[in-house]
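Novice: Build me a structure from this.
(one chain, ligands or ions: 1)
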Amino acid sequence: MSDQLPKGIELTPLDDAYRADPYPRLNQLRNSTATYHDPEFNMVIVTHHEDVQRILRDKDMLSDPRKAREDDMTRRFMPEDGREPSMLFMDDPDHRRLRNLVNKAFTPRAVEEMRPRVREIVDELLSAVTDGEFDLIAALAAPLPSIVIAEMLGIDARRHQDFKRWSDISTDVFFNVFPTDDQIAEAQEASDSLNALFQEEIEKRRGSDAQDLIGAMVRAEEDGDRLTTEEIVSQCNLLLIAGNVTTTDLIGNGMKALLDNPEQFEKLKRQPALIENAVEEMLRFDSPVVSSGRIAPEDMTLNGCPVHKGQSITTSLGAANRDPDIHRDPDQFDVARDNIQHQSFGGGRHFCLGAPLARVEGQEAVRGLLNKFPNLRHGPRGHAYKSVPGFRGMSEFWVQT
Ligand code: HEM
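Specialist: The predicted structure follows:
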């Protein structure tokens with residue numbers, strides 16, 4: 001049967017049909033088999049909501065690619081230059097130690113305090129938009145998260161442009177398991193510049209009481225050698241890489257779902273209190289992160305499929321989010337849907353640290369757009385999807401006021 005199922009590149013946005021709409025293929029996989037062995041990439045993929053949730057929450061599952069088999073895809077995420085991996089690719093106790101140090105800045109309460117500033121940035125960005133056709137990604141969805149995270153880290157405002165450019169280039173390649181040589185070279189240069197910028201900022205914080213995130217990490221380091229400079233640089237990189245493009249894609253994909261479903265757009269305009277639920281539905285309906293994963297700690301079988309110790313298990317968040325056992329009419333976008341149980345932020349120990357921030361930014365961006373442009377609709381210049389495997393988002397999305 002697996003001969004007829006999509007495999008390899010056909011399950012990545014490098015394939016045109018998948019890039020345009022991955023859900024027919026993800027639905028096909030989920031409806032055919034709970035655990036799929038992709039013969040081309042030698043990858044085990046789980047697609048049912050229950051399995052995805054169980055594996056992500058399983059405390060025995062691993063995330064450190066150094067523990068994967070020599071021939072496993074996950075090894076591509078190992079830093080090649082001996083740099084520290086980020087917490088996303090660490091196991092406890094190191095994972096817990098690093099996560100605890102930055103956790104405080106990202107709690108729902110801490111992030112809620114940032115809401116007025118996020119709203120202000122949304123308003124500033126939208127005030128630059130004039131009536132007519134504009135690219136929603138360039139005007140709002142891309143700059144918003146990088147301005148927010150640059151301010152949280154405490155990056156000098158004069159360096160914001162550089163910061164954004166370098167972080168965009170390194171992010172584009174970081175998660176891309178099939179980069180070209182040119183992309184790798186460009187990303188290496190950007191990442192070196194970014195790391196030099198972080199190191200400069202870290203040096204500036206020494207002996208200061210700066211109340212930003214870099215300051216907090218430096219003080220934690222000085223307090224008891226708990227965080228090395230290398231580790232701080234690595235955390236800064238992760239916050240950029242994990243937080244910028246994903247939040248951009250939440251705003252882009254979410255607004256596209258609204259414009260594709262004008263009755264939902266009208267409903268949200270009539271009932272603005274639905275905004276929080278609407279953003280959860282946007283996360284479910286078209287998740288910016290299509291898959292996450294773990295590494296098997298020992299030989300096991302998953303729904304009858306053998307998995308070897310050190311083999312990675314890909315959890316398809318996109319397939320789980322549309323599992324009809326959990327969500328009725330899963331292919332319908334419904335801003336008033338109740339009991340949304342999306343997996344878009346992953347789960348367990350590695351559950352997205354930035355989820356509260358992504359939610360606030362998503363809510364404020366959508367609210368700002370609806371308030372300023374109540375008649376927003378698709379623009380004639382259309383949209384284009386990016387092609388980074390495991391992710392889903394647009395490089396441009398033209399809309400009309
Ligand atoms: C809509 C936007 C976002 C989505 C869809 C998203 C999704 C995810 C996913 C799927 C994971 C992996 C979870 C797992 O494997 O269990 C993750 C981890 C992470 N995310 Fe996000 N993310 C978003 C925004 C952000 C933001 C704004 C930040 C911070 C500024 C952030 C920081 C992180 C960090 C640090 C991790 C690693 C956590 C750990 O390993 O303990 N994310 N995110």
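Novice: could you pull out the strands for the stretch 101-250 of the chain?
Specialist: Listed in chain order, the strands found in the stretch 101-250 of the chain under DSSP state E, counting those that start in this stretch are 133-135.
Novice: residues touching the residue of the stretch 101-250 of the chain found nearest the ligand, list them.
Specialist: Proximity to the ligand, evaluated over the stretch 101-250 of the chain using Cβ to the nearest ligand atom, is greatest for residue 243 at 2.8 Å. C-beta here means a position set from N, CA and C on the backbone, and glycine is covered the same way. Residues near residue 243 by Cβ atoms under 8 Å, 6 or more residues apart in numbering: 145, 149, 354, 357, 358.
Novice: Which residue is the nearest non-sequential neighbour of the residue in the stretch 201-350 of the chain that the ligand sits nearest to?
Specialist: The nearest approach of the stretch 201-350 of the chain to the ligand comes at residue 346, 2.2 Å away (Cβ to the nearest ligand atom). Nearest residue to residue 346 in three dimensions, chain neighbours excluded: residue 292, at 4.8 Å (Cβ to Cβ, 6 or more residues apart in numbering).
Novice: what's the answer for residue 232, then?
Specialist: residue 217 (4.6 Å).
Novice: Contacts only, for the one you found.
Specialist: 101, 102, 202, 227, 232, 235.
Novice: list the contacts for the fourth one?
Specialist: Applying Cβ under 8 Å, 6+ apart, one finds that residue 227 lies in contact with 98, 101, 217, 220, 221, 235.
Novice: who's in contact with residue 256?
Specialist: 286, 383, 394, 397.
Novice: I am assuming residue 44 contacts residue 308, so please confirm or correct that.
Specialist: No. With contact defined as Cβ atoms under 8 Å, residue 44 does not reach residue 308; the gap is 9.4 Å.
Novice: So between the two, which is more surrounded?
Specialist: Neighbour count, other Cβ atoms under 10 Å: between residue 44 and residue 308, residue 44 has more, with 21 against 12.
Novice: Tell me the residues of the stretch 301-401 of the chain that contact the ligand?
Specialist: For the stretch 301-401 of the chain, the residues in contact with the ligand (Cβ under 6 Å from any ligand atom) are 344, 345, 346, 347, 348, 350, 351, 352, 353, 354, 357, 358.
Novice: To clarify, my last question referred to the stretch 101-250 of the chain.
Specialist: With Cβ under 6 Å from any ligand atom as the criterion, the stretch 101-250 of the chain comes near the ligand at residues 149, 238, 239, 242, 243, 246, 247, 250.
Novice: farthest pair in these?
Specialist: By the measure Cβ to Cβ, 238 and 250 form the most distant pair in these, at 17.8 Å.
Novice: who's more crowded, the two?
Specialist: residue 250 (27 against 20).
Novice: neighbour-wise, which of the contacts of residue 217 leads?
Specialist: Busiest of the contacts of residue 217 [other Cβ under 10 Å] is residue 232, holding 26 neighbours.
Novice: Name all residues that make contact with that one.
Specialist: By Cβ under 8 Å, 6+ apart, the contact list for residue 232 reads 198, 202, 214, 217, 218, 221.
Novice: Quick check: the fourth one vs residue 106, distance?
Specialist: Going back to what we said before, that points to residue 217. Distance, residue 217 to residue 106, using Cβ to Cβ, to the nearest Å: 13 Å.
Novice: likewise the second one?
Specialist: Between residue 202 and residue 106 the distance is 20 Å, computed by Cβ to Cβ.
Novice: again, but for the first one
Specialist: Residue 198 sits 18 Å away from residue 106 when distances are taken as Cβ to Cβ.
Novice: The strand or helix carrying residue 319 packs against which elements?
Specialist: Element membership of residue 319, judged by DSSP states H and E, is helix 317-321. Counting contacts by 3 or more Cβ pairs under 8 Å, 6 or more residues apart in numbering; DSSP states H and E, helix 317-321 is packed against helix 23-32, helix 49-57, helix 275-285, strand 291-295.
Novice: Name the stretch from those that approaches residue 371 most closely.
Specialist: That would be helix 275-285 among the helices and strands packed on helix 317-321, by Cβ to Cβ, at 10.8 Å.
Novice: Let me know the angle separating the closest one from helix 23-32.
Specialist: 70 degrees (axes from the mean of the first three to the mean of the last three Cα atoms, to 10 degrees).
Novice: what pLDDT, on average, does helix 275-285 get?
Specialist: Average pLDDT, helix 275-285: 98.
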